[in-house]
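1. Structure of the sequence below:
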Amino acid sequence: MRKLITIFLLSATLVFTSSKCCDDILVLCDLAVQLFQAPQSISIGQSFNLVSEVINSESTNRCELTDIAQTTSNLIDVFFENAAGGWDLVGSAPFNQDELGPSEVFSSESPLTFGQSGNYRLDFYTDAPDSVNERNETNNDADILTGGRVKMDKEALQKTNNYASLFITVLPLPDGTTKLEGKPIVEFK
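-> Okay, here's the model as predicted:
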């Protein structure tokens with residue numbers, strides 16, 4: 001009789017530990033840029049909305065996701081292509097991201113205006129300060145953007161889970177004006 005009781009307790013402990021292990025693994029979110037878009041070209045002085053969406057991806061495993069993402073912040077960096085073909089950082093706009101439950105989406109629109117014609121690259125980072133402990137940390141920008149953000153060029157441009165980039169050509173006005181006097185190169189409104 002004594003042996004039977006010991007085996008039963010050991011079996012019950014194993015079942016409890018197995019369930020706890022699964023929950024621990026799957027409570028974490030995995031933030032991903034679902035959408036990042038803007039017009040391919042605009043005229044200087046023309047305002048437009050930069051649209052972004054971030055999703056808290058849900059696991060397809062057998063256990064439910066029981067936690068939500070922590071509140072974090074996103075970042076938009078704007079680069080201007082200089083005469084040497086490199087990229088100069090000309091503006092940044094951090095903004096808070098709402099908490100997201102499983103499969104929830106955070107949408108935002110950022111109004112922008114450019115005061116100089118030329119080529120621009122816009123980079124979007126979700127969880128820019130890397131404050132959210134995610135289920136998968138190997139699909140974030142730090143694993144692909146070697147050498148820093150500014151050294152990226154059109155050929156090296158890549159998209160990861162928490163990073164997306166796009167290009168905009170800002171056209172001169174019909175009268176040939178290439179720079180609006182008194183206007184910054186990029187304005188976030």
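2. Return the set of residues that bridge with the closest residue to residue 168 other than its chain neighbours.
-> Once flanking residues are discounted, residue 168 sits nearest to residue 120: 4.8 Å by Cβ to Cβ, 6 or more residues apart in numbering. C-beta here means a position set from N, CA and C on the backbone, and glycine is covered the same way. Under the criterion DSSP bridges, residue 120 forms beta bridges with residue 80, residue 168.
3. Would you agree residue 120 is in contact with residue 171?
-> No: Residue 120 lies out of contact with residue 171 (Cβ atoms under 8 Å); the separation is 11.7 Å.
4. Can you point out the buried residues in stretch 124-137?
-> Using 16 or more other Cβ atoms under 10 Å as the test for burial, stretch 124-137 gives 124-128, 132, 134-135.
5. Between the two ends of it, how far is it?
-> 17 Å (Cα to Cα, to the nearest Å).
6. same deal with stretch 97-108?
-> Using Cα to Cα, the two ends of stretch 97-108 sit 9 Å apart.
7. which of residue 120 and residue 171 has more neighbours?
-> In this view residue 120 and residue 171 are compared by other Cβ atoms under 10 Å, and residue 120 has more residues nearby, 24 against 14.
8. Show the low-confidence segments of this structure, by residue range.
-> 1-28, 58-71, 138-159 (pLDDT under 70).
9. returning to what we had before: tell me who's in contact with the residue nearest to residue 168.
-> Listed by Cβ atoms under 8 Å, 6 or more residues apart in numbering, the contact set of residue 120 reads 78-81, 90, 114, 167-170, 186.
10. Touching, residue 44 and residue 169? I think so.
-> No: using Cβ under 8 Å, residue 44 is not in contact with residue 169, being 10.8 Å away.
11. and the closest residue to residue 47 other than its chain neighbours, helix, strand or coil?
-> Spatial nearest neighbour of residue 47, chain neighbours left out: residue 113 (4.7 Å); criterion: Cβ to Cβ, 6+ apart. Of the three states, residue 113 takes strand according to DSSP: H, G, I helix; E, B strand; the rest coil.
12. that older thread, quick one, which of residue 44 and residue 169 is more surrounded?
-> More neighbours surround residue 44 than the other of residue 44 and residue 169, with 20 against 13 (other Cβ under 10 Å).
13. what phi and what psi does the backbone show at the more buried one?
-> phi -60, psi 140 (degrees, to the nearest 10).
14. mind listing the strands in this protein by residue range?
-> 31-37, 41-43, 48-56, 72-81, 87-97, 105-114, 118-125, 163-171, 186-188 (DSSP state E).
15. Residue 119: what's it in contact with?
-> Applying Cβ under 8 Å, 6+ apart, the residues contacting residue 119 are 80-81, 167-170.
16. what is residue 42 paired to in the beta sheet?
-> With DSSP bridges as the rule, residue 42 is bridged to residue 170.
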